[in-house]
Structure formats: structure tokens, C-alpha cells
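Visitor: Sequence and predicted structure, then a few things I'm wondering about:
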Amino acid sequence: MRDKIPLEEVQKWLGKIKEELENCSPTNRKGEEFLENINAYVSDSEHFLGKEDLFLSWEAVIWAFAFLTIGKDLGILTSD
């Protein structure tokens with residue numbers, strides 16, 4: 001599996017998460033922490049992409065989406 005993540009898939013999901021984050025706001029301190037973690041995962045994804053480790057890049061962006069989804073479900077993150 002590690003060698004089967006297409007570059008286009010990683011780029012697609014990185015673009016989607018960045019688009020989502022443009023209108024995302026925390027509703028409280030816990031939301032701020034979630035947003036910090038999401039941004040860290042996006043940064044990690046970009047780092048691994050630069051090292052051509054597509055698996056770790058994809059994994060990091062998926063974690064970012066997980067935090068975003070959970071944060072919205074808990075009401076600690078909102079999308080304007």
C-alpha cells in the first residue's frame with residue numbers, strides 16, 4: 001500500500017483541506033487546539049510531499065480531515 005498512493009490523490013486532498021480551512025473558525029479554546037493540530041497535519045503533509053513520501057503525506061492529510069470532521073461534529077469548529 002505504501003507505494004500505491006498516487007501523487008494526484010495527495011494533491012487533491014491537500015487542496016480540499018486548505019479550501020475547507022479558509023472558512024473554518026474555532027468556537028472555543030478546544031476548537032483553537034483542534035485547528036492548531038489540523039494545521040500541523042497539513043504542514044506535515046506538505047513536508048512529506050516535498051520528500052516524495054506520498055504515503056505519509058496522504059496519511060497526514062487524512063488525519064487533518066479527521067480532526068476537522070470531529071471538530072465540526074463536536075461544535076468546536078464551524079465553517080462560515
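Guide: Done, it's in.
Visitor: residue boundaries of the helices in the chain?
Guide: Applying DSSP state H to the chain gives helices spanning 7-22, 29-50, 54-74.
Visitor: Out of those helices, which is closest to Asp80?
Guide: Closest approach to Asp80 among the helices of the chain is made by helix 7-22 (9.0 Å; C-beta to C-beta). Where you see a C-beta, it was placed from the backbone N, CA and C, and this is true even at glycine.
Visitor: tell me the angle the closest one makes with helix 29-50.
Guide: Helix 7-22 runs at 150 degrees relative to helix 29-50, counting by axes from the mean of the first three to the mean of the last three C-alpha atoms, to 10 degrees.
Visitor: List the buried residues of helix 7-22.
Guide: Neighbour-count burial for helix 7-22, counted by 16 or more other C-beta atoms under 10 Å, picks out Val10, Trp13, Leu14, Ile17, Glu20, Leu21.
Visitor: packing partners for that helix?
Guide: Contact here means 3 or more C-beta pairs under 8 Å, 6 or more residues apart in numbering; DSSP states H and E; on that basis helix 7-22 packs against helix 29-50, helix 54-74.
Visitor: Out of the buried residues of helix 7-22, which is nearest to Ala64?
Guide: Proximity of these to Ala64 (C-beta to C-beta) peaks at Ile17, which lies at 5.1 Å.
Visitor: hang on, the earlier thing: using JSON lines, lay out the helices of the chain together with distance to Asp80.
Guide: Compiled in JSON lines, the helices of the chain are given as follows (distance: least, C-beta to C-beta, whole Å):
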{"stretch": "helix 7-22", "distance to Asp80": "9"}
{"stretch": "helix 29-50", "distance to Asp80": "13"}
{"stretch": "helix 54-74", "distance to Asp80": "12"}
